[in-house]
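Colleague: Predicted structure and sequence below. I'll ask about it afterward.
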Amino acid sequence: MSVLAIDVGTTMIKSVVFDDQGGELAVSRLATEVERRHPGWAEQDMDTVWNAVVYTVRTALSALAERPGGADPVWLVTFTAQGDGAWLVDAAGRPTGPAILWSDGRAGDILTRWEREGVLEAAFRRNGSLTCSGMPNAVFSWLAAHDPERLDRSSASLTAAGWLFHQLTGVTAIDESDASAPFLDHATGDYDPGIVELFGLEAHARLLPKVLGENERIAEITGDAAAQLGVEPGLPVVMAPYDIASTARGVGVVNPGQACGILGTTLCTEIVRKDVDATGEPSGINIAYRGRERVLRAFPTLNGVEVLTWAARTLQLDGPPELGELAFSAPPGANGLMFLPYLSPAGERAPFLDPRARGAFWGLSLDHTPADLARAVFDGLSLVVRDSLAASRTTVTELRLCGGGANNDDWCRLIADATGVPTARSADTELGAKGAFLTGLVLTGAESSMHSAAAKYVRMTTSWEPDPERAQYYAALYEEFLRWRTLARDAGWRATAPRVGTASTPARSGVPRV
């Protein structure tokens, strides 16, 4: 018997068939498009996402059927998906427009106002999660001001996982991990009316779907969905925690003090705790991880390996692998060149929140080479991981790395040096799907606990110990990194210049020459 696990990422949808030992029998992937109709916007067509799920499932099952001996029947469907955002549907469960994603930055001005008024900090003190512009409270507020008609037509605001659960089972709901930010009361497992009131969203509370607890996220697949996917009707469907939490489970990070670093679209560092941490400087989020028993302290950045893609394109290289080869031909510290990797149009959300955050090279001179620029990019991203660990204020003994960036041995070694924490890499390739697999086994009773499931099915391979001399060097470099970031932030992150054709700079005939 086999398990079908689906991972609906932001830029890639994957379907994986696991055998009864947790091995990957078949994997199908399909890239998805993030639509950016306006600067700072990030959207996806919800039906296109569902159709991509259907395609990858059918492709994976077809590949499984072609294996010697044929296919083992699928007995369980389980899934994870990107978190946050607003996937708005009407009373019939149909989309009222494109999904507004977690990386959307249109509500940046609203966040700035909430920060100035103390609303963000007040909400953080209640549930330990700092709002970013792609969370539903910010999206609701923006739509109320700019597209109230869409809110009127909508009856529920789902997440990607909620949308998939609805398509598979007909159930309209959300799981605790997705509900954690910004509205969850971790003590009750339901929405906190005080947080809804803080953001002035009482009129839109009707859009918040039912929160399903740890043992409630299971239902039967509908006949229509089963026919579309090519599986038997009536199979159990399990909604696992959203992708960053499922990925942590997929690498075996399930006990307090264990940590995971996702080197993907988000550069997400996350640590398991027994309780919510809402003290200190507001930063990151606290995700319900196992009912009332565990919390995942997470710092999902807006800037991840997409920064490597940008750097490779800017340096006219084929991609991140070639960028890595160039970068690690340069010494640690890039010959005095520092890079602040805040390139997202939406700024940054973890381990600090500032929708105005922008990137910069500091100390650039004619002496620097393309290799130095490439090395500075890797150094800067690695120091973001250190920054997140520092913000967690939790002692960590090992950082388990995953995501596409973890395929680079040199980067894994660099992160060990930059953080001073040993790093390790999983033997599996699809860790979000693996976490969904483990969750499915536990919720169906096939495994007694997440701890036992992880111990049985998670396999780690390569590991790296920090080099003492380089770790000491990067500890000092981190202090310089913070200093330069403070200077950039105090300066407003970027200089603003009037655009051609504005009142302050009248446009002359033709296009100005530079």
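Modeller: The structure has been received and is ready for your questions.
Colleague: Tell me how this protein divides into domains.
Modeller: Following automatic domain parsing, one gets these domains for the chain: 2-245, 306-340+359-410+467-490.
Colleague: Tell me which of those domains sits nearest to Leu438.
Modeller: Nearest of the domains of the chain to Leu438, taken as C-beta to C-beta: domain 2-245 at 8.0 Å. Glycine gets a C-beta too; all of them are placed from N, C-alpha and C.
Colleague: ok, now how distant is the nearest residue in space to Ala225 that is not next to it in sequence from Val253?
Modeller: Distances taken as C-beta to C-beta, 6 or more residues apart in numbering put Leu168 closest to Ala225, at 4.9 Å, once the chain neighbours are dropped. Noted for Leu168: a distance of 27 Å to Val253, by C-beta to C-beta, to the nearest Å.
Colleague: ok, now Pro422?
Modeller: Relative to Val253, Pro422 is positioned 14 Å away (criterion: C-beta to C-beta).
Colleague: Pick out whichever of these two has more residues nearby.
Modeller: Set Pro422 next to Val253 and count neighbours by other C-beta atoms under 10 Å: Val253 wins out with 26 against 15.
Colleague: A strand includes the residue nearest to Ala225, no?
Modeller: No - looking at Leu168 with DSSP: H, G, I helix; E, B strand; the rest coil, it is helix, so not inside a strand.
Colleague: so what's Ser509 scoring on pLDDT?
Modeller: Ser509 carries a pLDDT value of 33.
Colleague: cool, the one 4 residues further on as well?
Modeller: Listed pLDDT for Arg513 reads 35.
Colleague: Repeat that for Gly280.
Modeller: Gly280 carries a pLDDT score of 86 in this model.
Colleague: Leu337 is in contact with Leu364, correct?
Modeller: Yes - if you go by C-beta atoms under 8 Å, Leu364 and Leu337 touch, sitting 6.2 Å apart.
Colleague: between the two, which one's more packed in?
Modeller: For Leu364 versus Leu337, neighbours defined as other C-beta under 10 Å are more numerous around Leu337 (22 against 16).
Colleague: Which residue is the nearest non-sequential neighbour of the more buried one?
Modeller: Counting by C-beta to C-beta, 6+ apart, the nearest residue to Leu337 once its immediate chain neighbours are dropped is Ala376, at 4.4 Å.
Colleague: so who does that neighbour touch?
Modeller: 334, 337-339, 361 (C-beta atoms under 8 Å, 6 or more residues apart in numbering).
Colleague: Please identify the helix or strand for it.
Modeller: Here Ala376, judged by DSSP states H and E, is contained in helix 370-392.
Colleague: ok, back up a step: looking at the contacts of Ala376, spot the one nearest Val49.
Modeller: Nearest to Val49 among these: Phe339, at 33.5 Å, using C-beta to C-beta.
Colleague: Might one say that Gly291 is in contact with Leu212?
Modeller: No - contact criterion C-beta under 8 Å: Gly291 and Leu212 do not qualify, at 11.2 Å.
Colleague: So if I had to pick from these two, which one is more boxed in?
Modeller: Counting neighbours by other C-beta under 10 Å for Gly291 and for Leu212 shows that Leu212 has the greater number, 21 against 12.
Colleague: What separation do you get for the more buried one and Gly128?
Modeller: According to C-beta to C-beta, Leu212 stands 21 Å off from Gly128.
Colleague: And for Leu61?
Modeller: 40 Å.
Colleague: Give me the pLDDT for Pro68.
Modeller: As predicted, Pro68 sits at a pLDDT of 76.
Colleague: Oh, that last question was meant for Val119, not what I typed.
Modeller: Predicted confidence (pLDDT) for Val119: 97.
Colleague: Quickly find the element holding the nearest residue to Gly200 once chain neighbours are set aside.
Modeller: With C-beta to C-beta, 6+ apart as the criterion, Gly200 has its nearest non-adjacent residue at 7.5 Å, and that residue is Ser141. For Ser141, the element it lies in under DSSP H and E is helix 136-146.
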